[in-house]
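Visitor: Below: sequence and its predicted model.
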Amino acid sequence: MMSGMTETQGPPLRSGRGAAAVAVLTLCAAALWAWHLGRLPVEPYYGAAARAMSRSGHAFWFAAADAQSTVSIDKLPGGIWPQALAVSAFGVHAWSLALPSAIAFVLAVPATYRLVARLGGTAAGVAAAAVLTFSPAVVALERGNIPDGLLILLLVLAANDVVAARDRPVRLVAAGLWLGLAFEVKMLAAWLVLPALLAGLVVLAWRAGRVRAMLGWAAAGLATMVVVALAWPVLVDLVPAASRPWVDGTTDDSVLTQTFGYNGFARLGSDTPNAILQREGLPIVIDAGRPSPLRLFTGPLGLDIGWLLPLALVSLVAGLARRAGRAQVAGYALFGTWLVVVGGAFSVMQEMNPYYVAMLAPAIAGAVGLGVGELLSAPTPRAVAVAAVAVAGTVGYGLALASGRWTPWPFYAAAAIGAAVALAALLWSLRSARRIGVAVAAATACALVPAAAAAATVAERAGGAVDVPFESQATQRQHALWFHDTLASSARLIPVLQRVRAGSPYLLTTGSGAVASVFALSTDDEVYAIGGFDGHGARPTVGEIRSGVAAGRIRLVVASAATDDPRIAWIAHACQRRGGDASSGTATYICTPASARGGEQRR
């Protein structure tokens, strides 16, 4: 290592060129969000929840999903709170709902640079930041209001503090804070990275001879993580049920049950909320391929995250085989374990949204960045030859990944230019002592092909986080139907619904929170959801619905025509059907106080 530098830090972190490069990449991240700003899609459930939570401090704190705070959202609110604050400040707009995700993405770029530069030097940090910036899965996330982008930032910050604990063990407490907040965003899924962070910490501490000194601070960090993660669920559960919304997804009205049951172990099966809604006719498009060891390398998930995954694996193997310094080995242990554990979990999940794989982006970026740093520090003929093969394989794999799909000609042009420039630069570097050729090749391999895929995702601009590059025209139309057309047509219906509500405090009653959110996104009126997000929650009961109809609260009902839910069955028998929507599989009913008496007689 160079004199005056710790082995953990490598080359200076405040390199002028590195800072300039990261500044440019950060601006690119902001530009990717701002492109076609007026066409950003909105995920209606999260958007409607943010609107509801912005109405009052009570609704905000208890994570209300509806205007009258009758039920909570079906997740912890850490990812929706920033959106609610944005709505309070700027109003309900697609761009304001997506703003927190964009800010998180923009901040994640320099945070990734800082993390990887600590492990492998400035060049490694810049390469990692470039990989993250142009990762299609991450770019799609920032262009919508699904809050997983905040999760990525928090995980990168946690990893950065774990690495920094090599010199300042107290930073493990900060890492615990970030992990606790990440739990508030994504619950148990956020803690899939714990083995990776532990692996990196153990290598750093062991090779520095400071294992015993780290144990106490590691325990303090874990305690901080647990306290921060469980503080809100426990505090809410202590509040009497009559003073807060019903907790969605539960039968016992407990946030802890929602967290570890409904959103935890219950998701290991196939009867997930999205599967229920799809079965009942809602046009929810989820295509993540079948569980398989190759799931992340092919199909929709490969298109979302796989572009540089083989290069990352090559970098990990080559780096460990080379016996790098302790900082680099710690980095390879951290990012390698991250890829294995999180990637393994995604490979076997029965159902998942494609955007989940964005959680792998920091690990891929870190592994590729460390490989670039190693190559620049020792560009031996053998290392350059391995890099040449890796670059050629990366471009070829990218072409194979996109083959058979609609792909614009700029993608093929980018792949051809990337291959030509990389090959020329690598061959030139074999004959020159200068390292600029290797740098050009590495930058090309890291950025050009996935950048073209990310650009295609931005150009498609139909479904935001659920988009993958080079989707079929049919899939784009389905996304446009759900995230644009349905929301627009529902907003136009609001005045009509307000005229026919006949004094009901509810603008509309729906068979699920998913359907309710399509209307609630555009109004402050109460849109009452039966059964929470998926329509199968415990509240309200049949008796409560009967009472609501008798009192005139429940008048106009839109529910799935295919459901076997006894509450909807009672409405179908007691109330008068007035048509429906074949595209969404819903039926419309008009209820009057007399319907409750008729429904009772029919029973």
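Guide: That came through fine.
Visitor: Show the pLDDT at the closest residue to Ala402 other than its chain neighbours.
Guide: Once flanking residues are discounted, Ala402 sits nearest to Phe470: 5.6 Å by C-beta to C-beta, 6 or more residues apart in numbering. For every residue, glycine as well, the C-beta is placed using N, CA and C. In this prediction, Phe470 carries a pLDDT score of 77.
Visitor: got it, and Val317?
Guide: Here, the pLDDT recorded for Val317 equals 89.
Visitor: May I ask you to confirm that it belongs to a helix?
Guide: Yes. Assessed by DSSP: H, G, I helix; E, B strand; the rest coil, Val317 belongs to a helix.
Visitor: Going forward, count from 28.
Guide: Okay, residue one is now 28; in that scheme the one you just asked about reads as Val344.
Visitor: Tell me how many other residues crowd it.
Guide: When neighbours are defined as other C-beta atoms under 10 Å, Val344 has 15 of them.
Visitor: Could you identify the helix or strand that succeeds the helix or strand that contains Leu124?
Guide: Using DSSP states H and E, Leu124 sits within helix 121-147. Tracing the chain past helix 121-147, the next element assigned as helix or strand by DSSP H and E is helix 149-160.
Visitor: Run through who's touching the helix or strand that that next one is followed by.
Guide: As assigned by DSSP H and E, the chain's next helix or strand after helix 149-160 is helix 163-169. Helix 163-169 is contacted from outside by 56, 59-60, 125, 128-129, 131-132, 135, 159, 175-176, 179, 330-332, 334, 381-382, 384-385, 387-388, 477, 480-481, 483-485, 491-496, using C-beta atoms under 8 Å, 6 or more residues apart in numbering.
Visitor: Using CSV, write out every CA atom in helix 163-169.
Guide: Only the C-alpha atoms of helix 163-169 are listed here, as CSV (Å, rounded to 0.1, in the frame of the first residue of the first chain):
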residue,chain,number,x,y,z
PRO,A,163,-31.9,-0.8,-14.6
ALA,A,164,-33.6,-2.2,-11.5
VAL,A,165,-32.4,0.8,-9.4
VAL,A,166,-33.3,3.3,-12.1
ALA,A,167,-36.8,1.9,-12.4
LEU,A,168,-37.2,2.2,-8.6
GLU,A,169,-36.4,5.8,-8.5
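Visitor: So which residues of the stretch 528-630 of the chain form strands?
Guide: Under the criterion DSSP state E, counting those that start in this stretch, the stretch 528-630 of the chain contains strands at 533-537, 553-556, 583-587, 603-608, 613-617.
Visitor: before we move on, back to that, what about the helix holding Leu124, distance to the chain center?
Guide: Relative to the mean C-alpha coordinate of its chain, helix 121-147 is positioned 13 Å out (C-alpha atoms, centre = their mean, to the nearest Å).
Visitor: tell me what it is packed against?
Guide: helix 43-61, helix 71-80, helix 108-117, helix 149-160, helix 163-169, helix 175-191, helix 353-375, helix 388-404 (3 or more C-beta pairs under 8 Å, 6 or more residues apart in numbering; DSSP states H and E).
Visitor: buried set for it?
Guide: Buried residues in helix 121-147, counted by 16 or more other C-beta atoms under 10 Å: 121-147.
Visitor: likewise stretch 527-534?
Guide: 528, 531-534.
Visitor: Let me know the closest of these to Ala354.
Guide: Leu534 (58.6 Å; C-beta to C-beta).
Visitor: Isn't the closest one up against Glu553?
Guide: Yes. If you go by C-beta atoms under 8 Å, Leu534 and Glu553 touch, sitting 6.2 Å apart.
Visitor: Mind putting the helices and strands packed on helix 121-147 into a markdown table with mean neighbour count, mean pLDDT and distance to Gly291?
Guide: What follows is the helices and strands packed on helix 121-147, written out as a markdown table (neighbours: other C-beta atoms under 10 Å; pLDDT from 0 to 100; distance: least, C-beta to C-beta, whole Å):
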| stretch | mean neighbour count | mean pLDDT | distance to Gly291 |
| --- | --- | --- | --- |
| helix 43-61 | 17 | 89 | 32 |
| helix 71-80 | 27 | 96 | 19 |
| helix 108-117 | 19 | 97 | 21 |
| helix 149-160 | 30 | 92 | 28 |
| helix 163-169 | 31 | 90 | 23 |
| helix 175-191 | 27 | 96 | 16 |
| helix 353-375 | 22 | 91 | 13 |
| helix 388-404 | 29 | 89 | 23 |
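Visitor: how near is Arg294 to Phe510?
Guide: 23 Å (C-beta to C-beta, to the nearest Å).
Visitor: which of these two has more neighbours?
Guide: Phe510 (24 against 19).
Visitor: The more buried one and Gly118, how far apart?
Guide: Distance, Phe510 to Gly118, using C-beta to C-beta: 19 Å.
Visitor: now for the helices and strands packed on helix 121-147, which one comes closest to Leu548?
Guide: helix 71-80 (4.5 Å).
Visitor: quick revisit: worst average pLDDT in the strands of the stretch 528-630 of the chain?
Guide: strand 603-608 (a mean of 82).
Visitor: Partner strands of that one and their direction?
Guide: strand 613-617 (antiparallel) (DSSP bridges).
Visitor: Please state the offset of the strand it pairs with from the chain centre?
Guide: So, by C-alpha atoms, centre = their mean, the centroid of strand 613-617 is 34 Å from its chain's centroid.
Visitor: Tell me which residues are up against it.
Guide: With C-beta under 8 Å, 6+ apart, strand 613-617 has contacts from 308, 538, 542, 582-588, 598-599, 602-608.
Visitor: Buried ones among the residues you listed?
Guide: 308, 538, 542, 582-588, 598-599, 602, 607.
Visitor: Which one of these is nearest to Ala427?
Guide: Using C-beta to C-beta, the buried ones among the contacts of strand 613-617 come closest to Ala427 at Gly308, 36.2 Å.
Visitor: Quick check: beta-bridge partners of the closest residue to Ala599 other than its chain neighbours?
Guide: Leaving out its chain neighbours, the residue that sits closest to Ala599 by C-beta to C-beta, 6+ apart is Tyr616, at 6.8 Å. Per DSSP bridges, the residues bridged to Tyr616 are Val584, Arg604.
Visitor: low-scoring stretches of the stretch 528-630 of the chain, by residue?
Guide: 609-611, 625-630 (pLDDT under 70).
Visitor: show me where it has helices.
Guide: For the stretch 528-630 of the chain, helices defined by DSSP state H, counting those that start in this stretch occupy the ranges 540-547, 569-577, 593-601, 620-629.
Visitor: name the helices or strands packed onto the helix or strand containing Gly248?
Guide: Under the criterion of DSSP H and E, Gly248 resides in helix 238-265. Contact partners of helix 238-265 among helices and strands, from 3+ C-beta pairs under 8 Å, 6+ apart: helix 198-213, helix 221-235, helix 282-284.
Visitor: after the shortest one, next one along is what?
Guide: Think helix 282-284. Moving toward the C-terminus from helix 282-284, the first helix or strand encountered (DSSP H and E) is helix 300-306.
Visitor: list the helices and strands the helix or strand that that following helix is followed by packs on?
Guide: Next helix or strand after helix 300-306 toward the C-terminus (DSSP H and E): helix 326-332. In terms of contacts (3+ C-beta pairs under 8 Å, 6+ apart), helix 326-332 is packed against helix 163-169, helix 408-429.
Visitor: tell me the most buried of those helices?
Guide: Burial of those is given as mean neighbour count (mean count of other C-beta atoms under 10 Å); helix 163-169 ranks first at a mean of 31.
Visitor: So which of the helices and strands packed on helix 121-147 is nearest Trp233?
Guide: helix 353-375 (8.8 Å).
Visitor: relative to helix 149-160, how tilted is that closest one?
Guide: When axes from the mean of the first three to the mean of the last three C-alpha atoms, to 10 degrees is applied, the directions of helix 353-375 and helix 149-160 differ by 20 degrees.
Visitor: how big is the angle separating helix 353-375 from helix 221-235?
Guide: 160 degrees.
Visitor: Distance from the chain centre to helix 353-375, please.
Guide: 19 Å.
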